[in-house]
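Peer 1: Need coordinates for the below:
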Amino acid sequence: MNRPTVQPHQVFALVVGIERYAAGRDWDLPGPARDALRFCDWLRARGVPESNIQLHLSPLPGTAPGVPFRAADHDCLRRAFVEDIPRRDDQALWVWWGGHGVLDVDENLALYAADATLTDRRAIDVESALTRLRSDATPCHTTQMWLIDACRTFDEHHHFPQSLPVERLPTGARHLAHRQTLMFAAGRGQRAGNDPLRRLGLFSDIVLGELSDDPLPDPLPLFEAVKAKLAVLRAEGRTEQIPSLRLETPGHSERLPAGPRPDAGPGERVAVTPMAALVTALLAYPLMKDRDERQALINELPPAAVARMPRHTTPRVDVIGIVRSLSAVRDSLWKLYDAVTLLDDDPDRARELRRRIEDVAEDPSP
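Peer 2: Down below sits the predicted model:
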C-alpha cells in the first residue's frame, strides 16, 4: 500500500485529552491531558505549525497545562468535526483522543465529552465521525490517522441508569478519496490501562516513545512496535489490553488482530508472533541500536531486496520495516542472517536468530 508523503505544514491535528467529567470524581482519569500535551510537543518538533494544532482539554484541578486550549465539551468537539476540520484545506489529519469510551449496542465506539453525566452521557460516535470525514463534506484531509486511548468495554456492563444517547453527525455524498487509519488502545470489550501515579495512559506513553520523525508515520511498523511493547506489559501483569488497528482505504478494508484471544486467563502465556520474536532477536544485536551500523547491514543485502524498503530513525520501527520487506522476498531473510552474522559473529545470538527466521519461514501468515 503506497503511502503519500506529507509535509508538516500540510498536517492538521485535533488533539483531545479529557481527565475531568461532569459525571463526578468517580470518572476522574489522570493522564489524558498530559499525554495530549506531549503529543502536541511531538507535532511541533516535527515542524507542524502551531496554527495547525487544535487542542481540547479537560484537565484535573491543579494541573493547569500552561498553554492555551479549547474546551472539551460535546458542543465544542462536535463543532470540530462538523465545522473546524471540513473548512480546512490540509492534506492530512491527525486525531489524538485520550479519555473514557464505551461500545454501544451496535458495537460503535462512543467517546465521552467532558460534559457527560450519568443521565446524559454526551459523546462523539466514532463511526459517525469517520463517515463524515470520508465523505465529500470533508473534501481535503485525504490521509487520516486516529490514535484512541480509551476503553472499549460494553455499555450494558456498566449498568447506567439511562441509555447512551444516539447522535449521527451530518455527512455528505460517499466517494473513494480518503485513507483512514485507526489505532485503538484496547480490543473489543477491554479496558485501556492507565498509570495514575505517572499520569499517563499505557498505550499513549508507548506510542509517544515509538513515533518516528515523520509527521505522519507509516501505521503498520508503528502498530507492530506498540503491540510488541504492550505484549511485554501483559506478560508482566501490568495490563490485559490488546491494541488493534483498522485500515480503510479506497478499495481496501482491513482489521488487524492484535495477539492472544481476549478471554485468555491471567496465568496463560502471552502469545508472541514469529515476526515479533524475530524482531526481538535482531534487536538483541548491539549493531541494531545504531543507525549507521544498520545502514552498513543494509548495504550487505541485495539491492533488489532493499529498493523499496521503508526506513526509520527509531531502531525497533526500522527493524520491523526491514523484516517486513525482506519476508516478502524469497530467501531474503536468510541473506539478512548472513549479513548480520558477518558483522557480529556471537554464536548465541546467531542460534536465536536462526531459530526465529525458521519460525517465520514456517508460519503460514507472517
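
Peer 1: thought residue 123 was touching residue 73?
Peer 2: No. Using C-beta atoms under 8 Å, residue 123 is not in contact with residue 73, being 11.3 Å away. The C-beta positions use only the backbone N, C-alpha and C, and glycine is treated the same way.

Peer 1: list the residues that contact both of the two?
Peer 2: Counting by C-beta atoms under 8 Å, 6 or more residues apart in numbering, the shared contacts of residue 123 and residue 73 are residue 113.

Peer 1: So for those two, which sits in the more crowded spot?
Peer 2: residue 123 (23 against 18; other C-beta atoms under 10 Å).

Peer 1: so who does the closest residue to residue 139 other than its chain neighbours touch?
Peer 2: Nearest non-adjacent residue to residue 139, counting by C-beta to C-beta, 6 or more residues apart in numbering: residue 86, 7.6 Å away. Going by C-beta under 8 Å, 6+ apart, residue 86 touches 132, 137-139.

Peer 1: Below-threshold pLDDT in the protein: ranges please.
Peer 2: Counting by pLDDT under 70, the chain contains low-confidence ranges at 1-4, 251-252, 257-272, 363-366.

Peer 1: Run through the strands of it in chain order.
Peer 2: For the chain, strands defined by DSSP state E occupy the ranges 11-18, 53-58, 92-98, 101-103, 109-112, 123-125, 143-149, 179-184, 194-195, 200-201, 244-249, 252-256.

Peer 1: about what we covered before: measure the residue nearest to residue 139 to residue 141 for me?
Peer 2: 8 Å (C-beta to C-beta, to the nearest Å).

Peer 1: can you check residue 350 too?
Peer 2: 47 Å.

Peer 1: more crowded one of the two?
Peer 2: Comparing residue 350 with residue 141 by other C-beta under 10 Å, the one with more neighbours is residue 141, at 25 against 16.

Peer 1: Isn't that one up against residue 87?
Peer 2: No. With contacts defined as C-beta under 8 Å, residue 141 does not count as touching residue 87, sitting 10.9 Å away.

Peer 1: which residues does residue 27 contact?
Peer 2: Residues near residue 27 by C-beta under 8 Å, 6+ apart: 20-21, 100, 116.

Peer 1: ok, now with 10 Å
Peer 2: Neighbouring residues of residue 27 by C-beta atoms under 10 Å, 6 or more residues apart in numbering: 18-21, 99-100, 112, 114, 116-118.

Peer 1: Find the pair from the residues you listed with maximum spatial separation.
Peer 2: Pairwise distances across these (C-beta to C-beta) peak at 17.7 Å, for the pair 19 and 118.

Peer 1: Between these two, which has more neighbouring residues?
Peer 2: residue 19 (26 against 15).
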